[in-house]
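Asker: Model the structure of this input:
(chains A and B)
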Amino acid sequence: MNAHGNAPSRTPQDLSESITGGVGESPSRPDGNLKVRGDYAYSSDLWAEDMLWGATLRSPHPYARITGIDIARALAYPGVYAVLTHEDVPGDNRYGLKITDQPVLAEDVVRFRGEAVALVAADHPETARRALELIAVDYEVLEPVTDPKRAAHDETLPKLHPDSGRENNLVRYQPIVRGRQDVTAEVVVSGTYTLGMQDQAFLGPESGLAIPAEDGGVELFLATQDLHSDRKQTARALGLPPDKVRMTMSGVGGAFGGREDLSIQVHVCMLAMHTGKPVKMVYNREESFYGHVHRHPAEMHFEHGATRDGDLVYVKARMYFDGGAYASKTPVVVGNATTLGTGPYEVPNVDIAGWGVYTNNPPCGAMRGLGAVQPAFAYEAQMDKLARALDMDPVELRQRNAVAQGSVLHTGQQLDYPAPVGELLERARKLPMPPERDPAAEPDIRDLPGGAANTTHGEDIARGVGYAAIIKNVSYAEGADDYSTARVSLQAVGGEAVAMVHTAAAEVGQGLVTVQQQIARTELGVERVNIHPNDTSVGEAGSSSASRQTYVTGGAVKAACEAVRETLFDRAAAALGHTPPDLAVVDGKLVSESHGVLADVVDVLGDGVIECTREYHHRPTYPLDPETGQSELVHVQHAFSVHRAVVDVDTQLGLVKVVALDCVQDVGKAVNPDAIVGQIQGGATQGMGLAVMEEIQVSDGLIRNPSFTDYLIPTILDTPPMKVDIIERGDPHAPYGVRGVGEPPTISAGPAVLAAIRAATGIDLTHAPAGPEHITGTAH
Amino acid sequence: MDFLRAASLDDALATKAQRPDIAPIAGGTDLMVGINFDHIRPSGLLDLTSVPELTEWSESGDVVRVGAGVPYARIISELGERLPGLAMAARTVASPQIRNRGTVGGNLATASPSGDAHPALLACDAEVELASTRGTRRMPVTEFFTGVKRNAAEPDELITAVHLPRATGPQQFAKVGTRNAMVISVCAFSVALHPDRAAVGTGFGSAAPTPRRAVEAEQFLSGELTSRGMWADPRPLPDTVVERFGELVAAACAPIDDVRGTASYRRHALGVLARRTVRWTWDEYSIGRQTCA
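Answerer: Just a heads-up that it's a prediction; the model follows:
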């Protein structure tokens, strides 16, 4: 059964609108104008006749035992159609991306403030909200586990997941050791660095519409990063075979990792199946803060040893990651942080360990650059500290130790593709600097720290420059079979050859929507390419995460197009009676160098359709040895970027204006150069936000700022002009030589900004974000 | 929830007298956020946007009456010369869209310690005009704020206007936030020179349970300026005077640690803002006097 037979009404949008341009050109997004005009339909705009509204009752306590739930008053409230608890979960009341440890609805224990306890469906969202207040839950409040370092080592703390068979609250411990462990060095620097909890802050809240189907299944229209992962977990919880749970992508209002875990999926389907009516759920901003995972906060102890000449001798690191109440992507965060924790540098002797733990803090999981963002703040601060100790230029120190093709990382993996970190640093250093501030000129206060709030007219402003170079893995790692699927068809429509590309790969704003069309256009030599809506009626694409979709789904689209082209050639050869050499498709015509134009593609196609489905698997990776962290090839690819930040700091008030934030990045092959510049600028803005303002403040397990009033993200006045220098050193293992783009700039921007603030103030800032109280020494 | 639209002030006051629990709404930039997040559930809304007495400003002698429903955007564009401190404060409110809707009347009704207009009103000895079917009264703004998000209006009263003397000297407003636009104040400070009566006005926000004046700082500075004969013969402010003024402002505050900042930072930052803004106002006053002379 096709999900579109009873598709909900939505505001009109034509995403199938064909763009022009092949690989290497810069077509605009087909949804760009709609979004700018406010005409784009997001998943929160879904609507169906006679639909109900779902709402979620959440735990007010970070850790408590549930001793009773009374739903009678809520159920009796006029307009209420259903009140559901864990007893109503039809299948297995557990889900999770890596470890199946999270209940769909809490049973006897709640492990974080915001955990889902009960659901309501009602005829109006306000009715549903009021009914929630009528559900009486008896809690026996317990002392929460909130200190991640204690959670890693203190065996006397309560075990938060006793059913898991774990002896402690560890989700993952991973050491990596290489070289000599008794080594000393002439120059040693050390430091402890901490990182606050960052929110993805996507603007479109969690939302979706579930419609019960006649076959006993359910159709779910939603915004997600991975349709098949959602379906697998949802079907299991609903007790349905996967083919009875059909999911269709609706407009995604940003993701950044925050839509990898389930939120509304099982809940809204349960309500729809229970009531037999379409049910819509939309979180508001406060609920969204409780309804998705965040970036892991971290505490990191680093020690770097070097020769007097500036050659790194060793790195020792101990890193703690607070995964909160449920595992989510904590295992991946530990894997990435330890395997990438030395930065893009050659280090002969390494002793790194990472702990990811359960606590009663908000659950943490995927966010852009996961596991690589945290250590980058630490190792780049250390490189600057080392440069000062050596009295050496910080860029020169980095270049001296930078990895290159052929380098062996501390996991034992040899980089068998370009790794032009030294070149990136050199180009970053040579980018033109922004003009110096003229103290004599009348300033526009919007250009100064504090901006429009009129805090300085030029007093006490100091400028600083900082650099950061980073390394990030691309795609899934540690032995995961990472692949994507594409179905491509070609047929004649109205005298024109039209290709259709169908994948389940989520367009979350990153630009895959143009990339897929560009690849099809290039490979098939046709102008008109349409994109089928993403749904689960085609094979898996995996998640739009880990900077992987252009690589794997791009690879799948390329492979499917090649298969379609081969079939087309076979048909042409059959019609011609021979197989000409050098056959190609150009501008809708079959041509060969030796025979010239042979036929119109349309004529070869006739009334028929050529359709091919192909999977693309990247080359295998291998797990880390649990004790040494060694692996033949833990990551399929690494990506590198360098940022240079220029900041003005009001040294008295501790306010910061980032004046420039310029990036040099190796993208392997720029499939859509303009879209890449946009991704780098957006990623850099998100990284800068973490450096200067973005932090979910948690105390005693409670989020203190669950709103955009108090969780601040950068405005345009906080965001400087950004020069972006893209270089293309193709990876021979990747389709077209592409290298993942989306995450690296998010990782390098923040450490560069902090380095620049340190340079401006001389203050040894060790926490990100660095707020005015840190810069002025008034934090306590 | 009822939605009532008042056609005239009498109409609005009669409704408020009958239904004191109804929530008056002008721009709705704060009230609607509270309703959307279910933090408040008023029995009804009383729309004041069609009441002419509230939506205009006027001038009588040296005093400007600003209707409670005049949006910030109009204060910026129309009252910058007459009420420079209030106009500067209005410029720091939120975003352009919010400034098109938000009003000083709403800011007063919420009476948050972080309300952007409050320090400027305090520094200029503003009076709040309150009306009910029982009559109209005016109250010094210093008496209006009675606690965190509490004010002195009676349940049957509407805030109808603020009255401020037309500026006779330079005024400044500065606000610290942790981003460079669209931010709630971590702390804010306003200073006004009143050369007509040889006085100094101040106001600060987000650094005590209510917006307050730094009275000792005002008296200290006006005393120094008078005793040194500097109102008539302006010379550069001595560093010691600026320093002391900043110390007295910092000493006047009673801040707390919260999600937006620490008490220690707020006290420190208020001192910095006080020193900077007093120099800006004095420099402007000195140049103005020289130009006149």
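Asker: What parts of the stretch 1-150 of chain A come near chain B?
Answerer: Within reach of chain B by C-beta under 8 Å from any C-beta of the partner chain, the stretch 1-150 of chain A has these residues: A:Arg129. Every residue, glycine included, has its C-beta placed from N, CA and C.
Asker: quick one, helices of the stretch 1-150 of chain A?
Answerer: For the stretch 1-150 of chain A, applying DSSP state H, counting those that start in this stretch gives helices covering A:32-37, A:72-76, A:125-133, A:148-153.
Asker: any idea which of those helices scores lowest on pLDDT?
Answerer: Confidence, taken as mean pLDDT, is least for helix A:32-37 of the helices of the stretch 1-150 of chain A (a mean of 91).
Asker: Going by neighbour count, list what's buried in that helix.
Answerer: For helix A:32-37, a neighbour-count test (16 or more other C-beta atoms under 10 Å in any protein chain shown) marks A:Leu34 as buried.
Asker: Tell me, please, the helix or strand in chain B that averages the lowest pLDDT.
Answerer: Ranked by mean pLDDT, DSSP states H and E, the weakest helix or strand in chain B is helix B:31-36, scoring a mean of 91.
Asker: the strands in the stretch 51-200 of chain A, which residues?
Answerer: Taking DSSP state E, counting those that start in this stretch, the strands of the stretch 51-200 of chain A run over residues A:52-58, A:64-70, A:80-84, A:109-110, A:116-122, A:136-141, A:170-178, A:187-195.
Asker: Could you check the angle the third one makes with strand A:52-58?
Answerer: Going by axes from the mean of the first three to the mean of the last three C-alpha atoms, to 10 degrees, strand A:80-84 is angled at 40 degrees with respect to strand A:52-58.
Asker: for the strands of the stretch 51-200 of chain A, which one sits closest to A:Leu397?
Answerer: strand A:187-195 (10.9 Å; C-beta to C-beta).
Asker: so after that closest one, what's the next helix or strand?
Answerer: Of the helices and strands lying after strand A:187-195 in sequence (DSSP states H and E), the nearest is strand A:207-212.
Asker: For the helix or strand just after that next one, name the packing helices and strands.
Answerer: Next in sequence after strand A:207-212, counting helices and strands by DSSP H and E, comes strand A:218-222. Applying 3 or more C-beta pairs under 8 Å, 6 or more residues apart in numbering or on different chains; DSSP states H and E, one finds that strand A:218-222 contacts strand A:207-212, helix A:227-238, strand A:245-249, helix A:265-275.
Asker: Which helix runs longest in the chain?
Answerer: Just going to use chain A. Counting by DSSP state H, the longest helix found in chain A is helix A:549-576.
Asker: Chain B was what I was after
Answerer: Every helix in chain B considered (DSSP H), the longest is helix B:263-292.
Asker: Kindly report the residues of the stretch 601-750 of chain A close to chain B.
Answerer: A:652-655, A:657, A:693, A:697, A:704-705, A:707, A:709-710, A:712, A:714-718.
Asker: Okay, and which of those map to strands?
Answerer: In strands, judged by DSSP state E, the following of those are found: A:Leu655, A:Lys657.
Asker: and the residue of chain A found nearest chain B, what does it touch?
Answerer: In chain A, the residue that lies nearest chain B is A:Gly451 (3.0 Å; C-beta to the nearest C-beta). Each residue near A:Gly451 by C-beta atoms under 8 Å, 6 or more residues apart in numbering or on different chains is listed here: A:Ile445, A:Lys657, A:Leu717, A:Asp718, B:Arg179, B:Asn180, B:Ala181.
Asker: Confirm for me that A:Tyr622 is in contact with A:His635.
Answerer: No. The criterion here is C-beta atoms under 8 Å, and A:Tyr622 misses it with A:His635 at 9.9 Å.
Asker: Find the nearest non-adjacent residue to B:Leu111, please.
Answerer: Rather than Leu, residue B:111 is Ala. B:Asn151 (4.1 Å; C-beta to C-beta, 6 or more residues apart in numbering or on different chains).
Asker: Next, count neighbours for A:Cys705.
Answerer: Cys isn't right for residue A:705; it's Asn. 18 (other C-beta atoms under 10 Å in any protein chain shown).
Asker: Was I right to think it contacts A:Ile713?
Answerer: No. Using C-beta under 8 Å, A:Asn705 is not in contact with A:Ile713, being 11.9 Å away.
Asker: Quick check: A:Gly371 touching A:Pro331?
Answerer: No. A:Gly371 is not in contact with A:Pro331 according to C-beta under 8 Å; the separation is 9.7 Å.
Asker: Among those two, which residue is more densely surrounded?
Answerer: Each of A:Gly371 and A:Pro331 has its neighbours counted (other C-beta under 10 Å); A:Gly371 has more, 30 against 19.
Asker: Secondary structure element holding the closest residue to that one other than its chain neighbours?
Answerer: Spatial nearest neighbour of A:Gly371, excluding adjacent residues (C-beta to C-beta, 6+ apart): A:Asn336 at 2.8 Å. Here A:Asn336 sits within helix A:330-339, counting by DSSP H and E.
Asker: Okay, helices next: where are they in the stretch 1-150 of chain B?
Answerer: B:9-18, B:31-36, B:52-55, B:72-78, B:84-91, B:96-101, B:104-110, B:117-123, B:141-144.
Asker: next one: the stretch 551-700 of chain A
Answerer: Along the stretch 551-700 of chain A, counting by DSSP H, counting those that start in this stretch, helices occupy A:601-605, A:673-692.
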